[in-house]
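Student: sequence and predicted model, in that order:
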Amino acid sequence: MTPHRPTSPPEPKKRSASRHALQIDAREKVTVTGLVDVISFDEESVIGETEMGVIIIKGGNLHVSKINLDSGELCVSGEIDGIQYENAGGPAKAKSLLGRMFK
């Protein structure tokens with residue numbers, strides 16, 4: 001009989017900061033890599049979770065032209081007014097969830 005060895009829990013996935021990148025073209029197109037999830041999007045903002053925290057893209061007439069969670073890529077086009085980072089699980093995530101529930 002083989003002795004039972006305790007198994008250790010699986011290690012959490014380590015997020016590599018080198019995989020996240022942000023490219024802005026003429027304030028009309030944003031490409032984000034290292035995307036983990038999309039939290040919400042509309043014509044005025046796109047909120048996503050990246051390997052470096054929550055990213056908020058603000059502007060007007062925004063359109064998500066590409067979302068690929070397998071490769072971690074997001075492309076947004078429109079009038080880009082600003083980009084902001086929040087810590088993962090911060091106020092942007094909570095606000096978007098409540099905002100979607102009570103719209």
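Tutor: Yes, it's here.
Student: what helix or strand is residue 48 located in?
Tutor: strand 45-50 (DSSP states H and E).
Student: packing partners for that strand?
Tutor: strand 35-41, strand 53-68, strand 73-86, helix 91-101 (3 or more Cβ pairs under 8 Å, 6 or more residues apart in numbering; DSSP states H and E). Any C-beta I mention is one placed from the backbone N, CA and C, and that applies to glycine too.
Student: ok, and what's touching that strand?
Tutor: For strand 45-50, contacts defined as Cβ atoms under 8 Å, 6 or more residues apart in numbering pick out 20, 32, 34-41, 54-59, 62, 64, 74, 76, 88, 92-93, 96.
Student: that strand: which residues count as buried?
Tutor: In terms of neighbour count (16 or more other Cβ atoms under 10 Å), strand 45-50 has its buried residues at 45-50.
Student: swap in stretch 47-66?
Tutor: 47-52, 54-57, 59, 62, 64.
Student: make CSV out of these and add pLDDT and distance to residue 70.
Tutor: Output for those, formatted as CSV (pLDDT from 0 to 100; distance: Cβ to Cβ, whole Å):
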residue, pLDDT, distance to residue 70
47, 95, 20
48, 94, 15
49, 93, 15
50, 91, 15
51, 86, 14
52, 87, 19
54, 94, 20
55, 95, 18
56, 96, 23
57, 97, 21
59, 97, 26
62, 97, 23
64, 95, 16
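Student: from residue 22, how far out is residue 73?
Tutor: Per Cβ to Cβ, to the nearest Å, residue 73 is found 12 Å from residue 22.
Student: which neighbours do those two share?
Tutor: 31-33.
Student: of the helices and strands packed on strand 45-50, which approaches residue 26 most closely?
Tutor: When the helices and strands packed on strand 45-50 are compared by Cβ to Cβ, strand 73-86 sits nearest residue 26, at 8.8 Å.
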